[in-house]
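J.: any chance you can model this:
(chains A, B, C and D)
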Number of protein chains: 4
Amino acid sequence: MNSFGRIFRISIFGESHGKKVGVCIDGCPAGLAIDEADFRHDLSRRQGGGGKGTTPRREPDSPNIVSGVVNGCTTGSPITILFENTNTRSSDYDNLRDIPRPGHADFSAYKRYGGFADMRGSGHFSGRLTVGIVAAGVVAKKIIAPAKASARLVQVGGSEEIDETIAKAADSGDSVGGLIECLITGIEAGVGEPFFDSVEARLSHFIFAVPATRGIEFGTGFNAAMMLGSEHNDPFCSQQGRTLSNHAGGINGGITNGNDIIFRVAVKPASSIAKPQTTMNFTTGSMETLEVHGRHDACIAVRIVPVIEAAAAITMADMILTRKAGEAFRGQDNSYKQ
Amino acid sequence: MNSFGRIFRISIFGESHGKKVGVCIDGCPAGLAIDEADFRHDLSRRQGGGGKGTTPRREPDSPNIVSGVVNGCTTGSPITILFENTNTRSSDYDNLRDIPRPGHADFSAYKRYGGFADMRGSGHFSGRLTVGIVAAGVVAKKIIAPAKASARLVQVGGSEEIDETIAKAADSGDSVGGLIECLITGIEAGVGEPFFDSVEARLSHFIFAVPATRGIEFGTGFNAAMMLGSEHNDPFCSQQGRTLSNHAGGINGGITNGNDIIFRVAVKPASSIAKPQTTMNFTTGSMETLEVHGRHDACIAVRIVPVIEAAAAITMADMILTRKAGEAFRGQDNSYKQ
Amino acid sequence: MNSFGRIFRISIFGESHGKKVGVCIDGCPAGLAIDEADFRHDLSRRQGGGGKGTTPRREPDSPNIVSGVVNGCTTGSPITILFENTNTRSSDYDNLRDIPRPGHADFSAYKRYGGFADMRGSGHFSGRLTVGIVAAGVVAKKIIAPAKASARLVQVGGSEEIDETIAKAADSGDSVGGLIECLITGIEAGVGEPFFDSVEARLSHFIFAVPATRGIEFGTGFNAAMMLGSEHNDPFCSQQGRTLSNHAGGINGGITNGNDIIFRVAVKPASSIAKPQTTMNFTTGSMETLEVHGRHDACIAVRIVPVIEAAAAITMADMILTRKAGEAFRGQDNSYKQ
Amino acid sequence: MNSFGRIFRISIFGESHGKKVGVCIDGCPAGLAIDEADFRHDLSRRQGGGGKGTTPRREPDSPNIVSGVVNGCTTGSPITILFENTNTRSSDYDNLRDIPRPGHADFSAYKRYGGFADMRGSGHFSGRLTVGIVAAGVVAKKIIAPAKASARLVQVGGSEEIDETIAKAADSGDSVGGLIECLITGIEAGVGEPFFDSVEARLSHFIFAVPATRGIEFGTGFNAAMMLGSEHNDPFCSQQGRTLSNHAGGINGGITNGNDIIFRVAVKPASSIAKPQTTMNFTTGSMETLEVHGRHDACIAVRIVPVIEAAAAITMADMILTRKAGEAFRGQDNSYKQ
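T.: Presented below is the predicted three-dimensional model:
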C-alpha cells in the first residue's frame, strides 16, 4: 500500500528508471492557492548538491501538476503531480540477481515479488520516490500554516562537524549516517487521539516509510528511559498549557498540548558505496567481491532533511483536518472551563 | 480511530473505571484453536506484580470471549473479548479539571474532547486498555507460529540492575523509565512492502499506540546514524539470505530478509508519582503543589513488556496474511532463481 | 470486514446463539447526550411483533452501554453497546452440514470458512446482528439532526395490502418479500463526493450489508432507464437549489443538492419457511425433502424497516462529519456567489 | 476519496479538460503479463461511436503506463496509467455559475467545493474519468481469469429496440436512459463476507461510483420483493452447489455460492441535451431558458457498458485476493466434508 492518510491522503508511484514518478493527493480542501513555483525551494533542497560528497547540483525537478488545480487554486479533486525521470540510462543491473547488494532491498524484494521487481536503479525502492513526498509536503505546509515544520541535520557520523565528516567519508569511497531533528511549531492543543491515531503513531508510520530511517524518538526520547518521573514530567506554567520543560515533545496521551513538537530521526549510511564488499554470489554459492559502480551520495541524510519535513507537514495536515470532523459537537455544552 | 490492521484488524475500547474494557478482532482466519486458558500467561505478565515497586500481584484478568469462537475454534467472524473492571471505586477526579497532572493527558484530552472525556482513573487513556492488546496478541501469536515474538526489559533508568533501580525509585515515591528489546524470529523473507507498509512503519505505528513509549529503533538504530556504510552493510553469507551481521534488524527496503527482526523501545517513567509536584492550577491561575494519591507503578516498563510483544505479533500476523493475498501470481513465472 | 465508515465508524459482532451481540462505534464526537431510553423506540420497532405472521412481541432488547458514555454524554472514545442473547437453546443444527438450506448462507459460509462457521441459528449471518446497527443508528440520528431519516414499508408481495398479504403467506407456511422506501430530509447541499464517496455509493454499500436486501434505487431509479433526459432533468426553481421535480432523489454528481434524498430497497422473502422443500443432501448425494422447524417471520421486511433507517442515518452522519474536514478552506475566497 | 479496494486498490484522477486523466493501481500482484495492446478493445468500447446518436468514432484512447510494469510484467509496485486529454478547447463555462444545468453537478459541486470546482466540461465530474476505471478493469480481468465479467445493454428507454430508440431520442435533441445486465461467471464458491464486505455491498459501492447510475439489483432483484419464499429459494441440485434456479444471483449471505453472479444497473438519460430547458438563473433569480451547446451522447448507457464490466472485474479481483489472505488456516482441520 503506497498510500497514507485519512482525510488528506497521498499515494506515491514510480521507479527510479521508469517513465515518471509522482504523487496523487486526495482529499485536499478546495480553495488553496498553489503555484508550481511554490515547489521550487523544497524540491531543490531534496536534490542536495554543492557540498563535497553529495551529488553535484542539477536543475531542480520540475513538477507537472496534471489535475486538481485550476486558476491557481485547488479544486477539491485529486491533485496529481508528475516528475520526469531524465537520467535513466540503465547500466546492466542483471548481476544484482546474482549478487544482491548488502544493505539494499535486492534480495528481500526478490522474495516479495517473485523476481518481477524492477531492479534498475533500485526501481520502486529508490529514494527517487521521495520527490513526490516533498511535493505533497509543499501542499500540506499551506494547510497547517501558520504552524510550521522545520527539519535540520544535527549530526553526521556522530559529529556536529557535518561538512568535514561527509567529505572524509566521500574521500574513502564510503558513506556515513546522520541525525535529523524536526520541530513543529504552532500546532494548537487538541490534535491527535489516544492509541492508533496518536501523533507519535502517525508521524512514526510516515517517517519509517522514508527509505534509510532506522530510529525515531519524541521529546526526550531514549533518554526518557533513563529518567525519573519527577524529572520527566513537564509542569504546566500557564493557563494556555505552556509547560516549563518539554520532555514530552509537545504530546500527552497522543494528543498535542500546544507546546512545540520535537522528534529526531536516525538515518543510516547509504548502502551504495564505492568500497569493495565481500558478499554471497547466490548463483555460484561462493563469497565474492562486489563493487557497486556509479556516483553515490556520501550522506543521504542531507537529502532526507526536506523529506522528513514534508512527512511532518503531511501527517499534521491530515490530523488537523481529521480533528475538524470530530469537533462537530463542541460548544453544545460549555461546562468546560476554557 | 482505535483500530489497527488491514486483514487482521483489532479495535480496542473501554475506560479505566467504565463497565468493561475489551478488544474486537476482525479478519482472523477460521479454524484456529483458541482456549481461554491460552490467555492466562500473557495477561498475567501484563499485571506485573511481585517485585518491589510494582503493583502487588492480583488475580489475572479473566477473558470473556463473547463472539467468534465456537467449539474451541475461530469461526472467521469477529472475536470480541471482554474484561470486567473490578476496581472502579473512583475517588474524586474533579480536581483534575482544576490542576491537570503534569505528563498526563488531562489537559490535551480536555482540549480534544471539549471537557467531555472520562477523567476517572485516566479514563480511555489508561494503560488498562492494553489488556485488549495483550489478548489480541495471544491470538496473533498462533497465526505467526512457528515464528515468535519475544520482548524483555533490558534496562531501567539506564541501568541493567533492574530490581534495585526500581526499588530505589519506589522508595523515593518516584517512577523510572526503561528500555525494552523485542526479537521476532522465524519470519520468512518477503514480508512487508516499501514505503507506507514497510515492516518498520507498521510496527512503529503500533508501538507508539502503546501509552508511555517515547522512541523506537530497528537493528542498529540510532547508532546507525554514527556509522559508515562499510560498517553498517550486512553481507549475505548464505543462499537463503543469512547475513554475517544484522545491523538492518532483519529488514531491507521495508521487507523482511529472513534474519531476526530486532527493535528497541524507550518507555518513559510513569507520570503518576507520589512526590509532590508544582504546577499550574488552571482555575486560580497560580502555581500550586499537586499530590497524586493512590498506588502507582514505579516502573511501568515492566508491565509494557508483554504489550510490546503482543504489538509485534499482531503487526506481523497482519502483514503475513496481507502478503498471502499478494502471492497470487507467484509461480506463474519461474524465471527467478529461488 | 465488519466495519463501516470513515469518521463515524461502526463495527458489529456476535452470533445468533453466542453469548452476546453488539456494536462498537468509533469516532463519535464528544458531547452528545445519550441515554439508554433513547434506544427503546427503534429497538422495539426492529423486534416487530403484534401483527399476524410476525414474531409475537417480546420485551425490547436492552442496550448495555459499556464504554464511551459518561454522565449521559459521549466522551469521544469508542462507544460499545452489548445485547444479551437470551433465547439460545440451540436445537440440533448438525443436519445443516448434510443439507444446506436453500436461500441461506449454510453452503457459501461452509466454503468461505472451511467448515468452522457457527451454524447455530445462522450464527454470525443472523438478522440478530442488525440490533447493533439499529443501536448505532440511534446515535447517528442525533448527529444528523435536525435532518431526519425515515423508512416505511410500502409494499409486500407487490401489494399495498400489507397486513393481509403477510397473513396469507403466514397461513400457508410461506414467507413474502417487501419494498421499503426511505426518505432523508433536511440534509444541506454539498454533502458527498463524486465517484467512490458518492452518497449513492456509500448508502448502497451499507444497505447491501443488511441481510435479505436485493435491490436499491435512488430517486426515479429503474424508471430512469426508461425516461428521456428532458423528462428526467430536475429544473431548479429557487436560488437555494430547490428543484421542481426530484427524479435525482436529492443527489447530483454524488453530492446532495438540498432536496429530499429518496431511495427504495427490495427485500427478499425470508429463506426460512415451514413449507417442505426439495434440495440436495450433500452427504448422500440425493435430492431430499427438507423441513425447517421453528417459528419464522413471514415478512422480514417489516423488521428491516428500522435497520434501513439506521443505515441511512449512520451513512449520512459519517458523510456530514467527513465534509466538515473538507470545509477547512472554504471562505478563504468568496468569489462564489452564495 | 477517489479510491476503491482493500488489496487491489485503484485511485482515479483528472478532469475533463485538464492535462491528463488516469488511474493508479496499487496492490496488483507481481508477475502478471500486461501489454498496452491489451487495453485497446475495452477502451474502444468505452468510446462508443458508430451508431446514430452516439459520438462519432474517434481513435481509441491510448494508455501510457508510466510505472509498475517492466519487461511486460507487473512488478508488484503501483501501476499508473495516464491518458491525454486531446479535445480540450473549453468553451465558456462561466455562465454555468449563473445557471447551473438541471441534472448536472454544477450546483451541488459549487456547494461542496465553495466555488473552486473545475467547471470546464464538467471537470472532475465528467464521464471522462471512467477511462481509468476501464483501464484498471483490463488488469483486473487478468486476475479473475478464468472467471469472466461481461456486461451488455438490454434495454433503452424501456425498449429492446435499442438502435431505433436511441436514434429517435437523438433526432429530437433529447437523451434516453438504459438498462445494463452484467454476468460474472466462473467465480468459485466462498468469495465475500457477510455484512460490510458482502459481494453485493462491494459491487454496488463501485457501481454507484460510476456517473449516471440510478439503481442496481442482484439476481431476481426488485421482483424478489413480490415473491414468496417457496418461489424465491434456490434448491441445491449438485454436491458442488449448483442450484436449480438462481434467484439469488449467485450470492448467499454476501458470499458467492459458485453459481453465476447476475446484476442489473439502471442508467439515467444523459443530463446534457440540446432541447431548451427552463430553469433558475441564480444571479438574476428568475426562471430562464437554457440551451446546452455541443455534441452530446443520446444514450450514455452505451458507453457505460464496459465501465460496469470493469467495475465488476475490479471488485471481484479485490475480493478474490482478500479471500486468499483469509484462507490461511483452512485445511488445518478437515472435519468439513468437502
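
J.: measure how far stretch A:196-203 is from the centre of its chain, please.
T.: For stretch A:196-203, the separation from the chain centroid amounts to 15 Å (computed by Cα atoms, centre = their mean, to the nearest Å).

J.: and it, anywhere near chain C?
T.: No. Stretch A:196-203 stays clear of chain C (Cβ under 8 Å from any Cβ of the partner chain), getting no nearer than 9.6 Å. Where you see a C-beta, it was placed from the backbone N, CA and C, and this is true even at glycine.

J.: so what touches that stretch?
T.: A:6, A:191-192, A:195, A:216, A:218, A:251, A:253-256, A:261, A:263, A:311-312, A:315, A:318-319, A:322, B:1-4, B:204-206, B:208-209, B:213 (Cβ atoms under 8 Å, 6 or more residues apart in numbering or on different chains).

J.: list the buried residues in the top helix by length along chain A.
T.: Longest helix in chain A by number of residues (criterion: DSSP state H): helix A:301-326. For helix A:301-326, the neighbour count (16 or more other Cβ atoms under 10 Å in any protein chain shown) marks A:301-326 as buried.

J.: what sits against the residue of the stretch 151-300 of chain A found nearest chain B?
T.: Relative to chain B, the nearest point of the stretch 151-300 of chain A is A:Gly253 (2.5 Å; Cβ to the nearest Cβ). By Cβ under 8 Å, 6+ apart, A:Gly253 lies in contact with A:Pro194, A:Ser198, B:His104, B:Ala105, B:Ser108, B:Ala109, B:Phe125, B:Pro211.

J.: show me what A:Val176 is bridged to.
T.: Counting by DSSP bridges, A:Val176 forms beta bridges with B:Leu228.

J.: next one, pLDDT for it please.
T.: Looking at A:Val176, its pLDDT is 98.

J.: what about it, neighbour count?
T.: Other residues near A:Val176 come to 33 when the count uses other Cβ atoms under 10 Å in any protein chain shown.

J.: could I get the full set of helices for the stretch 51-200 of chain A?
T.: Secondary structure of the stretch 51-200 of chain A, counting by DSSP state H, counting those that start in this stretch: helices at A:95-98, A:106-112, A:130-144, A:162-171, A:199-207.

J.: correction: the previous question concerned the stretch 201-338 of chain A.
T.: A:229-232, A:301-326.

J.: could I get those helices as a markdown table with distance to chain C?
T.: Listed next are those as a markdown table, based on distance: least, Cβ to the nearest Cβ, whole Å:
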| stretch | distance to chain C |
| --- | --- |
| helix A:229-232 | 25 |
| helix A:301-326 | 4 |
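
J.: and of those, who's closest to A:Pro78?
T.: A:Pro78 lies closest to helix A:301-326 among those, at 14.9 Å (Cβ to Cβ).

J.: orientation of that closest one relative to helix C:301-326 in degrees?
T.: Angle, helix A:301-326 to helix C:301-326, by axes from the mean of the first three to the mean of the last three Cα atoms, to 10 degrees: 130 degrees.

J.: residues contacting the closest residue to A:Ile133 other than its chain neighbours?
T.: Spatial nearest neighbour of A:Ile133, excluding adjacent residues (Cβ to Cβ, 6 or more residues apart in numbering or on different chains): A:Ala310 at 5.1 Å. A:Ala310 makes contacts with A:Asp42, A:Ile133, A:Val134, A:Ala136, A:Gly137, A:Val138, A:Ala140, A:Ala149, as judged by Cβ under 8 Å, 6+ apart.

J.: shouldn't A:Ile304 be in contact with A:Leu179?
T.: No. Using Cβ atoms under 8 Å, A:Ile304 makes no contact with A:Leu179, being 10.8 Å away.

J.: now the common contact residues for the two.
T.: Contacts common to A:Ile304 and A:Leu179, judged by Cβ under 8 Å, 6+ apart, are A:Val265, A:Val267.

J.: distance of A:Ile10 relative to A:Ala135?
T.: 9 Å (Cβ to Cβ, to the nearest Å).

J.: what's the weakest-modelled helix or strand in chain A?
T.: helix A:95-98 (a mean of 79; mean pLDDT, DSSP states H and E).

J.: low pLDDT regions in the stretch 101-250 of chain A?
T.: Judged by pLDDT under 70, the stretch 101-250 of chain A has no weakly predicted residues.

J.: ok, A:Ala135 - how many residues close by?
T.: 29.

J.: same check on A:Glu327?
T.: 18.

J.: wait, isn't it in contact with C:Leu321?
T.: No. The criterion here is Cβ under 8 Å, and A:Glu327 misses it with C:Leu321 at 9.4 Å.

J.: intersection of neighbour lists for those two?
T.: C:Pro29.

J.: hmm, back to that, ok, which pair from the contacts of A:Gly253 is furthest apart?
T.: A:Ser198 and B:His104 (14.3 Å).

J.: so for these two, which residue has more residues nearby?
T.: A:Ser198 (24 against 21).

J.: so what's the more buried one closest to, chain neighbours aside?
T.: Using Cβ to Cβ, 6+ apart, the closest residue to A:Ser198 is A:Gly254 (2.7 Å).

J.: now do that neighbour against B:Arg46, distance only.
T.: Per Cβ to Cβ, A:Gly254 is found 20 Å from B:Arg46.

J.: how about A:Asn233?
T.: Where B:Arg46 is concerned, A:Asn233 sits at a distance of 24 Å (Cβ to Cβ).

J.: higher neighbour count, these two?
T.: A:Asn233 (28 against 25).

J.: up against chain C, what does the stretch 101-250 of chain A have?
T.: Residues of the stretch 101-250 of chain A lying near chain C (Cβ under 8 Å from any Cβ): A:Ile143, A:Pro194.

J.: give the closest residue to whichever residue of the stretch 101-250 of chain A sits closest to chain C in space, chain neighbours not counted.
T.: Closest contact between the stretch 101-250 of chain A and chain C, by Cβ to the nearest Cβ, is at A:Ile143 (7.0 Å). Closest residue to A:Ile143 apart from its sequence neighbours, by Cβ to Cβ, 6+ apart: A:Ala317 at 4.1 Å.

J.: and the residue nearest to A:Ile262 when sequence neighbours are not counted, what does it touch?
T.: Nearest non-adjacent residue to A:Ile262, counting by Cβ to Cβ, 6+ apart: A:Gly249, 4.5 Å away. Contacts for A:Gly249 were tallied using Cβ under 8 Å, 6+ apart; they are A:Phe218, A:Gly219, A:Thr220, A:Gly221, A:Asp260, A:Ile261, A:Ile262, A:Phe263, B:Arg214.
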